[in-house]
Every structure is written in structure tokens, then in C-alpha cells.
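Here is a sequence with its predicted model. Questions after.
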Amino acid sequence: MPTYLTGTVQTKAYRLLREHVYDVLSQYDLNPSLWSMLGVTLQARDGVRKSDIARAMHVKPPFVTVMALRLTERDLIQSVPNQFDGRTKLIAVTPQGKKFIKTVELTLHKRLEKLLSGLTESDLVTYHKVLTTIIANDERA
């Protein structure tokens, strides 16, 4: 398949997904970076270091600090003691943050339902694998 055809499809799909995702996130006063930080933090059930969030998101640690402040002010995340290293604090999602994430996730799923119709869970897992493989290949290069 010619790369220009793939590029055209990829560009259009990206624009459609981006438009819908940004629209939903803006309703909750979020952007994709804040949403990603909430997701990374939620996945680390017992809390996560800011440096690990930065690494997972491929951003600089000061950017995570700014985002953490915004999310802390909204009571979506909080600092918690690191049980393995008393010198450091971890970031964890608050109970209110967990409810908030569920609400946003449900709204996103409803909004993207039509765009993703006809795709199975397996298709979406494969799509995710393709994207993560591309990223990993770039990081190794």
C-alpha cells in the first residue's frame, strides 16, 4: 500500500478522534495531557512518582509538577507517603478523582461509540499494539 494513501487515512482518522476527544475533555476542563496523567496515576494503584509519570508520558518532570498542581487543586489527585522511601512522596488518585475518571471515561466511550462501531475489542487491542510498537521502535532507533 502506498504511504501517501496510508498517510491520508491516518491524518483524517487522527483529526476525527482528536476533535471528539478534545471536545469531551474540554467539557471537564481537561486536556489530553491532564487526562493522560490521571490515567497513568490511576494505573499505579498505590501511587506513582512524578518522575515515573514524566517518563510514561514522555514529558519533562517540571511539566508534571504543573499538571499535578492543577489536578490537586481540583481534588483529583493527592500526595501520599512512599512506603518504600520516606524521603519521597507519591501521587495517587483521590476517591473523588476515581469517580471523575469513571464519568469522563463513560462520556468518552459514548462519544466515540459511533466512530469505533464495527471494531471488535480485539481490533482495538491490535490498534493499541501497533501504536505502542511504533513508539517502542522509535525509542530504540
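That came through, no problem. Because the structure is a prediction, the values reported are computed rather than measured.

which phi and psi does the closest residue to residue 39 other than its chain neighbours have?
Leaving aside its sequence neighbours, residue 39 sits nearest to residue 101 (C-beta to C-beta, 6 or more residues apart in numbering; 7.6 Å). (Each C-beta comes from the backbone N, C-alpha and C, glycine too.) Torsion angles at residue 101 (phi, psi; degrees, to the nearest 10) stand at phi -60, psi -40.

Quick check: residue 101 touching residue 37?
No - under the criterion of C-beta atoms under 8 Å, residue 101 makes no contact with residue 37, lying 11.1 Å away.

how many neighbours does the residue nearest to residue 39 have?
18 (other C-beta atoms under 10 Å).

can you pull the contacts of it?
By C-beta atoms under 8 Å, 6 or more residues apart in numbering, the contact set of residue 101 is 38, 39, 42, 76, 93.

again, only using 10 Å
By C-beta atoms under 10 Å, 6 or more residues apart in numbering, the residues touching residue 101 are 28, 35, 38, 39, 41, 42, 76, 93.

So which of those residues belong to helices?
Taking DSSP state H, the ones among these that sit in helices are 35, 38, 39, 41, 42.

picking up where we left off before, I'd like to know how far the residue nearest to residue 39 sits from residue 91.
14 Å (C-beta to C-beta, to the nearest Å).

Overlap of the contact sets of those two?
With C-beta under 10 Å, 6+ apart, residue 101 and residue 91 have common neighbours residue 41.

Good, wrapping up.
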